Each structure stands twice: as C-alpha cells, then as structure tokens.
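K.L.:
Need a 3D model of the sequence below.
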Amino acid sequence: MSGFVFSEKPIEIDRGEGVHLYDTNGTEYLDFGASYACTPVGHCHPDVVEAATDQIERLMYVQASYPNAPRTALYERLAEIAPGDIDNVWLCNSGTEANEAALKFSRHATGRSKIIATMQGFHGRTMGSLAATWKDEYKDGFGPLAGDFEFVPYGDGEAMAEAIDEETAAVIVEPLQGEGGINPASTTYLETIRAETEAAGAAMILDEIQTGLGRTGSLWAADDHGVVPDVVTTAKGLGSGLPIGATLVRDWIAEDCGNHGSTFSGGPVVSAAAGATLDVIEGEDIPAHAAEIGSYLTDELDAAIGEEVREVRGNGLMVGVEVKRGANPILRDLALDHSILALPAGRSVVRLLPPLTIEREHADRVVEALEDIIA
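P.N.:
Model prediction:
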C-alpha cells in the first residue's frame with residue numbers, strides 16, 4: 001500500500017458506532033481521539049446519518065451563489081448560537097480554510113497587514129494559516145510564507161499588549177491550545193487581548209476549530225470566559241466528520257471583508273449534516289455532559305497518576321496528560337494492549353479528545369489503562 005502525505009498506522013478502521021471504532025479484524029476500540037475532535041456526537045449518529053442520506057438523495061451539490069434550504073438554515077443557526085453579536089457566517093471545507101478566511105477578512109476590513117499569533121499555536125497548513133502556526137516542522141521547505149506575522153508567548157498578557165499597535169490587523173489565538181500541548185488560557189489573558197485589540201481597531205480572532213461545539217464544557221470556549229471576539233472559526237466536529245468549516249464575524253468585518261469565494265462553500269449534504277449535528281449538541285445538552293464527564297475524568301486521572309506525570313490539564317473533554325517521557329510509546333500501548341485510541345499533543349502530552357457522549361465507565365477504562373501503563 002502506498003501513502004503520499006500521511007504515514008499510516010497499523011490499524012485499518014472499517015466502521016464506527018457511538019464511542020467505538022472497529023478495525024477490519026473486528027477488534028473494537030474505544031475512541032478517545034474522536035479523530036481529532038471531529039465526532040462530538042459519536043460515530044455515525046443516526047440523526048446525522050439520516051439528514052445526510054436524505055439530502056444526498058435530493059441534491060448533492062449546487063454552487064454557493066444559489067440558495068438552498070440546508071445551507072440557509074445553517075447560516076441562520078450558526079448566527080443564532082455564535083457568541084455575542086456575531087451574526088455573519090462564511091462556510092468552507094476545513095479549519096485551515098476558516099482561519100485563512102479570518103486572516104483575509106481582517107486584513108481587508110482594517111486595511112492593515114500585521115497579524116499577531118502565539119508561540120506553540122496551531123492554526124492550519126495552508127500558506128496563510130501556516131504563517132500563523134508556530135512550529136517550524138510544519139513550515140520547513142514551504143517558504144516564503146505570507147509575511148508580517150509576529151509571535152508572542154502564549155498566556156503573556158503584557159507581551160501581547162506591547163505587540164498590539166495601530167499597524168495590527170488581527171490577533172489570532174486559541175482559547176485552549178490543542179496541538180501546542182493542551183494549554184488553557186486564563187480569562188484575564190483573553191480579556192486583555194479583547195481590550196487591546198478593541199482600542200487599536202484590530203480584530204480579535206478566536207480559533208475554536210478544536211475547542212468549539214461543546215468540547216470544553218460550554219458551546220464555545222469564549223462562553224467560558226465571557227469574551228466576545230470579532231471573529232470565531234469552527235470546523236472539525238461541525239459536520240460529524242464530513243468536511244466543513246465556518247468563519248463567524250461581526251458586522252464591521254462582514255461589511256468590508258473583500259472578495260472571497262469557494263466552490264464547495266456550504267454544500268447541501270454537509271450543511272444538512274452540520275445542522276443535524278447542532279440539533280443533537282443542543283437538544284441533548286452535550287456541552288453540560290462534556291463538562292461533567294470531563295471534570296470526572298481529570299479528577300480520576302489526577303488521583304490515579306498525578307504523582308507519576310508532570311500535569312493533567314484541560315477543560316471539559318479536551319484533556320492533556322503531560323508525561324515524563326515520550327507520549328508515543330504510551331499511545332502505542334493504549335492501542336495495542338488496551339484497545340484505546342488517543343492522540344499526541346507535541347512530544348510529551350497524551351491528548352484525550354473523545355466523543356462528547358462518553359460515560360463514566362469509558363472514562364474509568366482510560367484511567368485504568370493509563371495507570372497500568374504509566375504507574
């Protein structure tokens with residue numbers, strides 16, 4: 001078997017149901033990676049499957065300049081649930097495209113070019129969002145990237161305030177860093193960014209690609225902190241695994257966002273799937289469940305392995321276990337010896353991003369497995 005971009009793991013996945021994945025040999029795996037947070041309501045949720053199936057039989061595709069019911073409904077739904085007075089929606093195919101649009105819109109609306117990002121931050125792999133991503137290994141060999149990007153330490157409000165000036169178009173920041181190691185931001189830090197960008201006439205972009213849609217225990221991590229940015233980006237779990245992203249913007253950005261487009265913006269099938277996903281998230285109060293189970297999981301992990309690891313941290317069901325050795329051997333043992341799939345976040349953090357529908361029995365199984373491997 002050949003592979004061009006992705007290095008493949010030695011487990012071929014055949015199907016998924018709820019919080020479990022099954023390989024071609026019939027082995028059942030507890031999914032604690034949710035395929036990078038892309039299945040918040042579980043694999044193949046029947047409501048999402050039904051919505052996508054019904055739509056694919058009715059209309060698979062029409063170009064985005066022609067209105068269709070699923071897309072229009074999704075526009076309205078996202079505007080309704082977005083933080084604060086964010087009412088405008090741009091649909092695309094992925095998180096990196098959502099961030100790319102956010103950067104373009106901010107530059108056009110402000111007439112400025114300087115973008116401030118954070119160390120350890122990750123915002124995507126297209127040329128603009130890649131320029132806002134910190135780690136060199138993602139950027140090596142792809143230069144020159146988009147220019148006029150400046151990086152400041154994550155969580156350092158003084159450094160951020162010093163960097164923001166009258167030449168700043170936008171600050172892009174994750175409310176809880178994912179790829180960078182599951183690093184939560186403080187409310188004070190995000191409030192500082194909000195105040196400084198507002199004073200400078202710059203846009204505050206909150207990258208909620210991984211944190212949004214209930215992952216941290218609220219519908220948006222912004223809600224946890226009471227901060228309303230100018231732009232929110234979301235993707236991953238929005239379509240329950242189908243490719244969709246969204247850039248949500250305040251009026252002043254939308255009124256002067258420039259000329260932007262996408263062939264597959266808000267396709268009917270993925271829009272139907274996204275609408276059904278949001279129905280489940282809100283109808284079953286998934287964020288509250290994520291908050292409850294996430295708190296239980298972190299408490300149990302801390303009690304079982306707290307003294308054996310550097311730290312257990314995160315919010316809701318976005319949890320990182322920083323270990324004293326490499327994360328990859330632990331992930332291998334979880335998969336091969338305990339039939340649990342998880343993710344790394346950097347070299348030393350085991351990242352847990354399960355479907356938000358897990359129960360305590362699933363959390364207990366992961367705690368016992370990590371205790372067996374680490375302690």
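
K.L.:
Where is the longest helix in the protein?
P.N.:
Criterion DSSP state H: the longest helix present in the chain is helix 286-305.

K.L.:
now what about stretch 275-282, what contacts it?
P.N.:
Residues outside stretch 275-282 that contact it (CB atoms under 8 Å, 6 or more residues apart in numbering) are 40-41, 45, 47-48, 50-52, 70, 73-74, 77-78, 81, 213-214, 219, 237-240, 286-287, 356. Every residue, glycine included, has its C-beta placed from N, CA and C.

K.L.:
what residues does the helix or strand bottoming out on mean pLDDT in the chain touch?
P.N.:
Taking mean pLDDT, DSSP states H and E as the measure, the helices and strands of the chain show their lowest mean at helix 34-37, namely a mean of 86. For helix 34-37, contacts defined as CB under 8 Å, 6+ apart pick out Pro40, Gly178, Gln210, Arg215, Lys236, Gly237, Gly241, Met318, Leu343, Leu353, Pro354, Pro355.

K.L.:
Between those residues, which sits nearest Trp134?
P.N.:
Among the contacts of helix 34-37, Gly178 lies closest to Trp134 (CB to CB), at 12.2 Å.

K.L.:
what about the closest one, how many neighbours?
P.N.:
Using other CB atoms under 10 Å, Gly178 has 27 neighbouring residues.

K.L.:
Identify the residue nearest it in space, chain neighbours excluded?
P.N.:
Spatial nearest neighbour of Gly178, chain neighbours left out: Gln210 (4.2 Å); criterion: CB to CB, 6 or more residues apart in numbering.

K.L.:
Could I get the buried residue list for stretch 188-200?
P.N.:
Tyr189, Leu190, Thr192, Ile193, Arg194, Glu196, Thr197, Ala200 (16 or more other CB atoms under 10 Å).

K.L.:
quick one on the thing from earlier: wait, the residue nearest to Gly178 sits on Pro175?
P.N.:
No - Gln210 is beyond contact range of Pro175, at 9.7 Å (criterion: CB atoms under 8 Å).

K.L.:
Now do the helices in the stretch 101-250 of the chain.
P.N.:
127-131, 136-139, 157-163, 187-200, 221-225 (DSSP state H, counting those that start in this stretch).

K.L.:
Need the contact partners of the last one.
P.N.:
For helix 221-225, contacts defined as CB under 8 Å, 6+ apart pick out 83, 175-176, 185, 187, 190-191, 206, 208, 211-212, 215-218, 228-229, 232, 315.

K.L.:
still on that earlier bit, whichever of the contacts of stretch 275-282 end up buried, select them in ChimeraX.
P.N.:
Typed into ChimeraX, the line below selects the buried ones among those, using 16+ other CB under 10 Å:
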select :40,41,45,47,48,51,52,70,74,77,78,81,213,214,219,237,238,239,240,286,287,356
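
K.L.:
Run a quick neighbour tally on Val152.
P.N.:
As a burial measure, Val152 scores 21 neighbours (other CB under 10 Å).

K.L.:
For the nearest residue to it once chain neighbours are set aside, give me the pLDDT.
P.N.:
Residue nearest to Val152 in three dimensions, not counting chain neighbours: Ala159, with 4.5 Å by CB to CB, 6+ apart. pLDDT, Ala159: 98.

K.L.:
my guess is Ala159 meets Phe151, correct?
P.N.:
No - the pair Ala159 / Phe151 is not scored as a contact, 9.8 Å apart, by CB under 8 Å.

K.L.:
Adding distance to Thr277, write the helices of the stretch 101-250 of the chain out as a markdown table.
P.N.:
Below are these laid out as a markdown table (distance: least, CB to CB, whole Å):
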| stretch | distance to Thr277 |
| --- | --- |
| helix 127-131 | 23 |
| helix 136-139 | 28 |
| helix 157-163 | 33 |
| helix 187-200 | 26 |
| helix 221-225 | 18 |
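
K.L.:
As PDB, could you dump the C-alpha coordinates of the longest helix of the chain?
P.N.:
Coordinates of each C-alpha in helix 286-305 appear next as PDB, following Å, rounded to 0.1, in the frame of the first residue of the first chain:
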ATOM      1  CA  ILE A 286     -24.000  17.800  25.100                       C
ATOM      2  CA  PRO A 287     -21.800  20.700  26.500                       C
ATOM      3  CA  ALA A 288     -23.100  20.200  30.000                       C
ATOM      4  CA  HIS A 289     -22.400  16.400  29.700                       C
ATOM      5  CA  ALA A 290     -18.900  17.200  28.500                       C
ATOM      6  CA  ALA A 291     -18.300  19.400  31.500                       C
ATOM      7  CA  GLU A 292     -19.500  16.800  33.900                       C
ATOM      8  CA  ILE A 293     -17.600  13.800  32.400                       C
ATOM      9  CA  GLY A 294     -14.600  15.900  31.700                       C
ATOM     10  CA  SER A 295     -14.300  17.000  35.300                       C
ATOM     11  CA  TYR A 296     -14.700  13.400  36.500                       C
ATOM     12  CA  LEU A 297     -12.100  12.200  34.000                       C
ATOM     13  CA  THR A 298      -9.500  14.800  35.100                       C
ATOM     14  CA  ASP A 299     -10.100  14.200  38.800                       C
ATOM     15  CA  GLU A 300      -9.800  10.500  38.400                       C
ATOM     16  CA  LEU A 301      -6.600  10.800  36.300                       C
ATOM     17  CA  ASP A 302      -5.100  13.100  38.800                       C
ATOM     18  CA  ALA A 303      -5.900  10.800  41.700                       C
ATOM     19  CA  ALA A 304      -4.600   7.700  39.800                       C
ATOM     20  CA  ILE A 305      -1.400   9.000  38.000                       C
END
